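Chemist: I'll drop the sequence and a predicted model, then ask my questions.
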Amino acid sequence: MARHVIAAVDELPPGTRKFLEIDGRPIAVFNIKGEYFGLMNRCPHQGAALCEGPLIGLAQSKDPGEIEYTKLGEIIRCPWHGWEFDIRTGQSYCDPRRFRVKAYPAQVEPGARVVKGPYVAETIPVKVESDYVVVEL
Amino acid sequence: MNIQFRESLEAASPPTTKTAIADCDIHPARATRTELYPYLAKRWQHHLEIYGVHAYQGMMEGPPYPKAQPNASRRDAYPPEGGPQGSSLSFMQKQLLDPNNVQLGVLNPLNTGQGIRNHELSAALCSAINDWQIDKWTSKDNRLKGSIVVGNEDGLSAAAEIRERAGDKNFVQVLLLSRNVEPLGQRRYWPIYQAAEEAGLPVGVHAFGFGGNPITPSGWPSYYIEEMVGHSQCQQSALASLVLEGVFERFPKLKMVMIEAGFGWAPSLAWRLDKVWQRLRSEVPHVKRPPSEYIREQVWWTTQPMEDPERREDLFDVVNWIGWDRLLFATDYPHWDYDEPSRVLPAGVSDANREAFYLGNAKKLYGIS
Ligand code: FES
């Protein structure tokens, strides 16, 4: 499992996402309130660039008439047919048994660790004194 | 929360098939509110500025139901130069036509001059949108063909528009919508069918419309999801009306295309019609043959939204009844319920049927060599 440096931390502030291709795979990395998540950027339904959709919450109902809106900003809604996926896990909410989108762990590593490896810096010039977002795949 | 940046569009494009296809339901949009003005007499430009349009439909600020995505369209289909989804030819070429190897793309402009109470304005807007289709789309890319938009509630002006465009290779069908003031078989619409038959043009009936009637026979529903399923009910009543008013009998060379309302319901509607026709045919003696015969001979179906049953055998049963020569592949680009060409047809279809489904049927119906 290779670890890839995909951005300096300041380049990916909270509320933003970055699209890139690693080993031929389209990946999107999100910063949600300081936590980082990587997802395959291809919808398992019909193949849309899934992560171009909006981040929403999850509307659920235990009983008719009672609506709970949770996971605000943690659900990605496909730009085509609107299927919803949890960006933490890749779980699909409309057909969780058949469909999930591959999730890739992402986290922040200090420059000193990144420079030592085993990391692959894609296009990012890496300096020891800053922090980097790293994706594993 | 939704700020994005990306390395390149190419990196984000989904994989696509290279099989040559026809796309029989593409929705071109206007980039600006006044884009039709060059094709409209000053009198109508001023009319639009002063009075706007007055449709049969209530709730005129937008469509009768909210849509699932902005402009009911794919969020990734905004052209880079700005404007709504579907308003840029170059982006449509790059996102739809080139990567999917589209050889024939049939344009169905929506939100045009149809369903407007002022019939003169309706006719002027329809004629303008037809000129616009030539100027902006079909003359610039010969894969694209237009649909003649007509003022549907006024059969005479609609027929005049069809006759004026007859023989123009920029157009391959006449466009109607499924929600009209009356069911589509009724006589106010007959001049349209007569002119289309004479011109040798199929009549496409696209879901939606502004007839002022609710989408369901039991009234106005609460949710957009009910409108989505209501389109099939609406087309069923339109088709029953076409058969039972004797439109197919009167215009035996007329070809109808049912657009964007599914096709899984076709066999059961035909069976039911046949059964009641056997008992009640004396009420409609002008319907000389079992309804299913007219339907099988004179009706085609676009695929999007492609039926998606749990067992593919069920899909094949339906298609076997309809006929593999009757389906026309469509994506509905740029709308949000777009069907991706490489993903809609399950495995187990012969090469000949596959070719007919994706391309051959459409070329034959629309007379494209
Ligand atoms: S392609 Fe994502 S929901 Fe259909």
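Modeler: Nice, thanks for sending it over. Numbering: from 1, shown residues only, chains lettered A, B, ... in the order given.
Chemist: is stretch A:82-91 in proximity to the ligand?
Modeler: Yes: using Cβ under 6 Å from any ligand atom, stretch A:82-91 reaches the ligand at residue A:83. (Each C-beta comes from the backbone N, C-alpha and C, glycine too.)
Chemist: list the contacts for the spatially most central residue of chain A?
Modeler: Central residue of chain A (Cα atoms, centre = their mean): residue A:38, 3.0 Å from the mean position. Residue A:38 sits next to A:27-30, A:103-106, A:135-137 when contact means Cβ atoms under 8 Å, 6 or more residues apart in numbering or on different chains.
Chemist: ok, 6 Å please
Modeler: Neighbour list for residue A:38: A:27, A:29, A:104, A:106, A:135 [criterion: Cβ atoms under 6 Å, 6 or more residues apart in numbering or on different chains].
Chemist: the chain: strands as residue ranges?
Modeler: Since no chain was named, I'll use chain A. Here chain A has its strands, by DSSP state E, at A:3-8, A:16-22, A:25-32, A:35-40, A:55-60, A:68-77, A:84-86, A:103-110, A:119-121, A:131-136.
Chemist: wait, chain B was what I had in mind.
Modeler: B:3-6, B:21-26, B:102-107, B:144-149, B:171-179, B:203-209, B:256-259, B:299-302, B:327-328.
Chemist: pipe those strands into a markdown table and attach mean neighbour count per row.
Modeler: Listed next are those as a markdown table, based on neighbours: other Cβ atoms under 10 Å in any protein chain shown:
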| stretch | mean neighbour count |
| --- | --- |
| strand B:3-6 | 13 |
| strand B:21-26 | 27 |
| strand B:102-107 | 24 |
| strand B:144-149 | 27 |
| strand B:171-179 | 26 |
| strand B:203-209 | 25 |
| strand B:256-259 | 28 |
| strand B:299-302 | 26 |
| strand B:327-328 | 27 |
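Chemist: for the residue nearest to the centre of chain A, give its distance to chain B.
Modeler: 15 Å (Cβ to the nearest Cβ, to the nearest Å).
Chemist: and that residue, what are its bridge partners?
Modeler: On the basis of DSSP bridges, residue A:38 is bridged to residue A:29, residue A:104.
Chemist: check residue B:106 too.
Modeler: Under the criterion used (DSSP bridges), residue B:106 bridges to residue B:145.
Chemist: pull up the per-residue confidence for it.
Modeler: Confidence at residue B:106, expressed as pLDDT, is 98.
Chemist: does anything pack onto the helix or strand of chain A with the lowest mean pLDDT? Which helices or strands?
Modeler: Least confident helix or strand, chain A: strand A:119-121 with a mean of 86, by mean pLDDT, DSSP states H and E. Secondary-structure packing of strand A:119-121 (3 or more Cβ pairs under 6 Å, 6 or more residues apart in numbering or on different chains; DSSP states H and E): strand A:3-8.
Chemist: not counting its neighbours along the chain, what's nearest the most centrally placed residue in chain B?
Modeler: Centroid check for chain B by Cα atoms, centre = their mean gives residue B:206 as the closest residue, at 3.2 Å. Among residues not flanking residue B:206 along the chain, residue B:259 sits closest, at 4.2 Å (Cβ to Cβ, 6 or more residues apart in numbering or on different chains).
Chemist: could I get the contacting residues of that neighbour?
Modeler: By Cβ under 6 Å, 6+ apart, residue B:259 lies in contact with B:25, B:204, B:206, B:302.
Chemist: which one of those is nearest the ligand?
Modeler: Distances from the ligand to the contacts of residue B:259, taken as Cβ to the nearest ligand atom, are shortest for residue B:25 (17.2 Å).
Chemist: relative to residue B:66, how far out is the closest one?
Modeler: Here residue B:25 is placed at a distance of 22 Å from residue B:66 (Cβ to Cβ, to the nearest Å).
Chemist: next: residue A:91.
Modeler: 27 Å.
Chemist: give me the more crowded residue out of the two.
Modeler: Taking neighbours as other Cβ atoms under 10 Å in any protein chain shown, residue A:91 and residue B:66 compare with residue A:91 leading, 15 against 10.
Chemist: where along chain B do the helices fall?
Modeler: With DSSP state H as the definition, chain B shows helices at residue ranges B:9-12, B:42-51, B:89-92, B:119-132, B:155-165, B:190-199, B:224-244, B:247-250, B:266-280, B:291-298, B:312-322, B:351-355, B:361-366.
Chemist: now whichever residue of the stretch 51-200 of chain B sits closest to chain A. Nearest residue, chain neighbours left out?
Modeler: Of all residues in the stretch 51-200 of chain B, the one sitting closest to chain A is residue B:75 (3.5 Å; Cβ to the nearest Cβ). Computed as Cβ to Cβ, 6+ apart, the closest residue to residue B:75 that is not its neighbour in sequence is residue A:79, at 3.5 Å.
Chemist: tell me which residues touch that neighbour, please.
Modeler: A:48, A:52-53, B:74-76.
Chemist: how about a cut-off of 8 Å?
Modeler: Per Cβ under 8 Å, 6+ apart, neighbours of residue A:79: A:48-50, A:52-53, B:69, B:74-76, B:336.
Chemist: model confidence at the residue nearest to residue A:90 when sequence neighbours are not counted, what's the number?
Modeler: Residue nearest to residue A:90 in three dimensions, not counting chain neighbours: residue A:103, with 3.8 Å by Cβ to Cβ, 6+ apart. Model confidence at residue A:103, given as pLDDT, is 94.
Chemist: okay, now residue A:103: neighbour count?
Modeler: For residue A:103, using other Cβ under 10 Å, the count is 17.
Chemist: gap between it and chain B?
Modeler: Taking Cβ to the nearest Cβ, one finds residue A:103 at 18 Å from chain B.
Chemist: for residue A:65, same thing?
Modeler: 13 Å.
Chemist: picking that back up, and the strands of chain B, which one's lowest on average pLDDT?
Modeler: By mean pLDDT, the lowest-scoring of those turns out to be strand B:3-6, with a mean of 44.
Chemist: show residues contacting stretch B:311-319.
Modeler: Contacts for stretch B:311-319 (Cβ under 8 Å, 6+ apart): B:263-264, B:266-267, B:307-309, B:327, B:346-349.
Chemist: what's the local residue count around the residue of the stretch 201-350 of chain B found nearest the ligand?
Modeler: Going by Cβ to the nearest ligand atom, the ligand is nearest to residue B:340 of the stretch 201-350 of chain B, at 6.8 Å. Per other Cβ under 10 Å, the neighbour tally for residue B:340 reads 21.
Chemist: leaving out sequence neighbours, find the closest residue to it.
Modeler: In space, residue B:340 is closest to residue A:46, 4.0 Å off (Cβ to Cβ, 6+ apart).
Chemist: surely that neighbour touches residue B:337?
Modeler: No: with contact defined as Cβ atoms under 8 Å, residue A:46 does not count as touching residue B:337 (10.2 Å).
Chemist: can you check which residues contact both of those two?
Modeler: Common neighbours of residue A:46 and residue B:337 (Cβ under 8 Å, 6+ apart) are A:80-81.
Chemist: follow-up on the earlier one: and the contacts of residue A:38, which is closest to residue A:17?
Modeler: Nearest to residue A:17 among the contacts of residue A:38: residue A:29, at 6.5 Å, using Cβ to Cβ.
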